[in-house]
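Visitor: This is the structure alone, sequence omitted:
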């Protein structure tokens, strides 16, 4: 496995450059990148400080800087170090400018302005946190999406990811011997999605969880036969109520969320 350093430089939160880098890295096998995140880099002195560290840990450099002076310092510094330095948004911005016949206006962090979309994401995040793990089911019908699944099927991180896209998401755990909140069966507004996972893979993940919190592994929670029954019971519940089911065994959080978003937008468009 090949280790290497990758420096991600941004004049804002770094979300864009991190997503682009990670989406690109998945195309390569047997590599282990060491990520260095440089956020809110907006002055020449900050760029020079970043270059000093890059010189100590040479590697691939990807950036989203809109200030031309700062870009020049970074690019020239990397050229002296003989390191690749890639402005990831330039081809897209240039292409859009040509297509639209419009000039670009450089604004660091411009994608994070306090507009209606921003406040919608904040509201969705607050809703999702308040409705995590079966909390506050009395107003479940206000949710855009409800996720159900047995323990360790990535309900919470998927909910948070969706909330960051402005989707108000509640998640409900399916626990053996505990009834599902009655409100879920009467909800009319939300898209309801069941998450499932391969029992063997689920047992592995649960064992890792128990070890992390130093708990006894001699329990039904990690017994393959009992876990298989949990999964089968959950699937029967999803089928009975005609809820869409997603197997998350080989999906990342981002892939699961993308599937849910696709279902949600298709449902929204069909109702218009």
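Guide: Alright, I've got the coordinates. Please read these numbers as outputs of a predicted model, since none were measured by experiment.
Visitor: Please count neighbours and contacts with C-alpha atoms only from this point.
Guide: Fine.
Visitor: Show me where the stretch 51-200 of the chain has its helices.
Guide: Using DSSP state H, counting those that start in this stretch, the helices of the stretch 51-200 of the chain run over residues 68-81, 90-100, 116-130, 155-163, 183-186, 199-212.
Visitor: List the contacts of the third one.
Guide: Judged by C-alpha atoms under 8 Å, 6 or more residues apart in numbering, the contacts made with helix 116-130 from elsewhere in the structure are 112, 136, 143, 159-160, 163-171.
Visitor: repeat that for 7 Å
Guide: Helix 116-130 is contacted by residues 136, 159-160, 163-170 when judged by C-alpha atoms under 7 Å, 6 or more residues apart in numbering.
Visitor: Low-confidence ranges, the stretch 1-150 of the chain, go.
Guide: By pLDDT under 70, the weakly predicted segments of the stretch 1-150 of the chain are 1, 103-116, 118.
Visitor: Mind doing that once more with 50?
Guide: Within the stretch 1-150 of the chain, the segments meeting pLDDT under 50 span 114.
Visitor: measure residue 2 to residue 33 for me?
Guide: Distance of residue 2 to residue 33, given as C-alpha to C-alpha, to the nearest Å: 8 Å.
Visitor: Compare these two and say which one has the larger neighbour count.
Guide: residue 33 (16 against 8; other C-alpha atoms under 10 Å).
Visitor: host element of the more buried one?
Guide: Secondary structure from DSSP states H and E places residue 33 in strand 31-38.
Visitor: in that strand, what's buried?
Guide: Neighbour counts over strand 31-38 (16 or more other C-alpha atoms under 10 Å) mark 33, 35-36, 38 as buried.
Visitor: and this protein, what are its domains?
Guide: 2-110, 116-270 (automatic domain parsing).
Visitor: Out of the helices of the stretch 51-200 of the chain, flag the one nearest residue 55.
Guide: helix 68-81 (6.9 Å; C-alpha to C-alpha).
Visitor: Please name every helix or strand in contact with that closest one.
Guide: Packing contacts for helix 68-81, counted by 3 or more C-alpha pairs under 7 Å, 6 or more residues apart in numbering; DSSP states H and E, involve helix 44-56.
Visitor: tell me which residues in the helix it packs on are buried?
Guide: So helix 44-56, judged by 16+ other C-alpha under 10 Å, has buried residues 44, 47-48, 50-51, 54.
Visitor: Would you mind giving those residues as JSON lines with distance to residue 17 added?
Guide: Shown next, in JSON lines, are those (distance: C-alpha to C-alpha, whole Å):
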{"residue": "44", "distance to residue 17": "20"}
{"residue": "47", "distance to residue 17": "16"}
{"residue": "48", "distance to residue 17": "19"}
{"residue": "50", "distance to residue 17": "16"}
{"residue": "51", "distance to residue 17": "17"}
{"residue": "54", "distance to residue 17": "17"}
